[in-house]
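Visitor: Sharing a model prediction with you, sequence too.
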Amino acid sequence: MKFDLKGKDPQSKARAGVLTTDHGTIETPIFMPVGTIGTVKGVHQRELKEDINPDIILGNTYHLYLRPQTEILEKAGGLHKFINWDRNILTDSGGYQVYSLSANRKIKEEGVKFKSHIDGSYHFFTPENVMEIQRTIGADIIMAFDECTPYPCDYRYAKRSMHMTHRWLDRCLAHLQKTPYKYDYSQTFFPIVQGSTYKDLRKQSAEFIASREAEGNAIGGLSVGEPAEEMYAMTDVVCETLPKDKPRYLMGVGTPINILENIALGVDMFDCVMPTRNARNGMLFTAHGTINIKNKKWADDFSPIDEMGITYVDLEYSKAYVRHLFTVNELLGKQIATIHNLGFYLWLVREARKHILAGDFYEWKNKMVKQMDKRL
RNA sequence: GGAAGUAUUGAGCAAUUGGUUGGCUCGCCAGACUGUAAAUCUGGUCUCUUCGGAGCUUGUAGGUUCGAGUCCUACUACUUCCA
């Protein structure tokens, strides 16, 4: 993998770069649509490619391990082939499931025992076998196995957990050293900074992670319920500490405003379920705020769902029609909303990139944050 | 024309043996959602309210009873069956 910085915003810490892997280039800042179980929910690969056009999407180790299971993915020749996606894929390690499935898991130094949410069976994840699974899934970028701490998290626990995540990182690295790539392309490994909402821990963690000299670095444990200001304070500290010439990935973030503010702090990569999940629940993101398309007020509004026309659905379908589809619970409504939202998110980061390269990102960002901060 | 049955909130059902009807599902109206246990979840949904409460209600009108959605009478509407 290669990362080249192409420009920097004069009034903020925002950067524009190009990341190159064996599956092509990724222009940063980038938003990566989430495709947990081998699908970006509700979107055909063709629409994803042609209408939304991201350079990279996500998959999830835990979910893919449970179904279809690694054996099937290996037989398929990796996730790219299995899902017919020839661009980049990044897999999360299952570290987030340590947080989100907290009722169904037990953490030990050795690893995490999960109780499957599907059939109740027990599974043990360790840094080593998670690397092994990610080798088999075959994503271009694979993530360290970490513990994503909840919010709030007391200092002692946050510190202890951070150190364990660091020890797990070294185990991940050691294991990767002795396991070759499974397919005919290379894989890049990103370690993850933790430290909850404590500046000193974040700094310490970022220093530790930086010392491992990975090709890219991630910030985890945020967007778990903390106020936005705390999130920004943490990304700021971490970005200041992480190497400037490596891409920085803020995991699980976020709202369009979160994304712009974090770009301004030096983050290059984002992913979030929000545009896809919220789409299925009737929320449309626009440059002027969010719309709950299920609301009665749209019942006779025949204007296009988004005048901007970023993707074809924006102009081809009216608000009244999409509201109708949600009212009668038709799949098409959710599909339209998903394409719209992903189109908007990708537009947002591309626009950010343009403004960084043009040198006027900061003013543009402030204008956008102001106008998006409302409900229509 | 005759016989039997039914009537509870927008809909469909509950509600002990006559013992505080406002419970459930759906619909509707809102809200939530951040490395996806999520096409999910939460709240509201008789009327009024100063948000503390207050009031009205089981097709309609009566009756029995300390007490009626429940029992009785008449009426109305609907369903089924027989002519």
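Guide: In hand now; what should we look at?
Visitor: where in the stretch 251-376 of chain A is pLDDT low?
Guide: Along the stretch 251-376 of chain A, the model assigns pLDDT under 70 to no residue.
Visitor: Show me where it has its strands.
Guide: A:269-272, A:283-286, A:289-292 (DSSP state E, counting those that start in this stretch).
Visitor: Please see if the last one touches RNA strand B.
Guide: Same thing as strand A:289-292. Yes: judged by Cβ under 7 Å from any atom of the strand, strand A:289-292 and RNA strand B are in contact via A:N292. Heads up, the C-betas are built off the backbone N, CA and C, glycines and all.
Visitor: Next, the buried residues of that strand.
Guide: Buried positions in strand A:289-292, judged by neighbour count with 16 or more other Cβ atoms under 10 Å: A:290-292.
Visitor: What helices and strands are in contact with it?
Guide: strand A:283-286 (3 or more Cβ pairs under 8 Å, 6 or more residues apart in numbering; DSSP states H and E).
Visitor: Parallel or antiparallel, list what pairs with the strand it packs on.
Guide: Under the criterion DSSP bridges, strand A:283-286 sits next to strand A:289-292 (antiparallel) in its sheet.
Visitor: residues making contact with the strand it pairs with?
Guide: A:282-284, A:298, A:305, A:319, A:371-376 (Cβ atoms under 8 Å, 6 or more residues apart in numbering).
Visitor: closest to RNA strand B among those?
Guide: Nearest to RNA strand B out of the contacts of strand A:289-292 is A:M283 (Cβ to the nearest atom of the strand; 4.0 Å).
Visitor: what's near enough to touch that closest one?
Guide: Going by Cβ under 8 Å, 6+ apart, A:M283 touches A:290-293, A:337, A:341.
Visitor: let's see 7 Å
Guide: A:290, A:292 (Cβ atoms under 7 Å, 6 or more residues apart in numbering).
Visitor: Report the beta-bridge partners for it.
Guide: Bridge pairing for A:M283 - DSSP bridges - gives A:N292.
Visitor: With respect to A:L64, which of the strands of the stretch 251-376 of chain A lies nearest?
Guide: Between A:L64 and the strands of the stretch 251-376 of chain A, the shortest gap by Cβ to Cβ is with strand A:269-272, which sits at 15.6 Å.
Visitor: what pairs with that closest one, and is each one parallel or antiparallel?
Guide: When DSSP bridges is applied, strand A:269-272 pairs with strand A:30-33 (parallel), strand A:248-250 (parallel).
Visitor: List the buried residues in the shortest one.
Guide: By that I understand strand A:248-250. A:248-250.
Visitor: Say whether RNA strand B is contacted by it.
Guide: No: using Cβ under 7 Å from any atom of the strand, strand A:248-250 stays clear of RNA strand B, coming no nearer than 8.7 Å.
Visitor: Touching that strand from outside, list them.
Guide: Here strand A:248-250 makes contact (Cβ under 7 Å, 6+ apart) with A:190, A:216-219, A:222, A:235, A:239, A:242, A:262, A:266-270.
Visitor: cool, stretch A:147-163 as well?
Guide: Applying Cβ under 7 Å, 6+ apart, the contact partners of stretch A:147-163 are A:95-96, A:98-99, A:107, A:164-165, A:194-198, A:201, A:205, A:220-221, A:224-226.
Visitor: Which ChimeraX command selects the buried ones in those?
Guide: A single ChimeraX command selects the buried members of these (16+ other Cβ under 10 Å):
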select /A:95,96,98,99,164,165,194,195,196,197,198,201,205,220,221,224,226
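Visitor: Which positions in the stretch 251-376 of chain A make contact with RNA strand B?
Guide: Residues of the stretch 251-376 of chain A lying close to RNA strand B (Cβ under 7 Å from any atom of the strand) are A:251-255, A:258, A:271-274, A:276-278, A:280-283, A:292, A:294-297, A:299, A:327-329, A:331, A:334, A:375.
Visitor: Restricted to helices, list those residues.
Guide: Assigned to helices by DSSP state H, the following of these qualify: A:258, A:274, A:276-278, A:280, A:327, A:331, A:334.
Visitor: farthest pair in these?
Guide: Largest separation among these by Cβ to Cβ: A:N258 and A:T327, giving 30.3 Å.
Visitor: quick one, helices of the stretch 1-150 of chain A?
Guide: Secondary structure of the stretch 1-150 of chain A, counting by DSSP state H, counting those that start in this stretch: helices at A:45-47, A:61-66, A:70-76, A:79-83, A:95-100, A:127-137.
Visitor: Columns distance to RNA strand B and mean pLDDT on top of these, output as TSV?
Guide: Converted to TSV, these look like this (distance: least, Cβ to the nearest atom of the strand, whole Å; pLDDT from 0 to 100):
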stretch	distance to RNA strand B	mean pLDDT
helix A:45-47	15	97
helix A:61-66	6	97
helix A:70-76	16	97
helix A:79-83	13	98
helix A:95-100	3	96
helix A:127-137	10	98
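Visitor: Skipping its backbone neighbours, what lies nearest A:S12 in space?
Guide: Closest residue to A:S12 apart from its sequence neighbours, by Cβ to Cβ, 6 or more residues apart in numbering: A:A264 at 4.1 Å.
Visitor: give the contact list for that neighbour.
Guide: Contacts of A:A264 (Cβ under 7 Å, 6+ apart): A:12-14, A:362, A:365.
Visitor: Just the buried ones among these, please.
Guide: Among the contacts of A:A264, those buried by neighbour count (16+ other Cβ under 10 Å) are A:12-14, A:362, A:365.
Visitor: nearest to A:K113, of these?
Guide: Of all those, A:K13 has the smallest distance to A:K113: 40.3 Å, by Cβ to Cβ.
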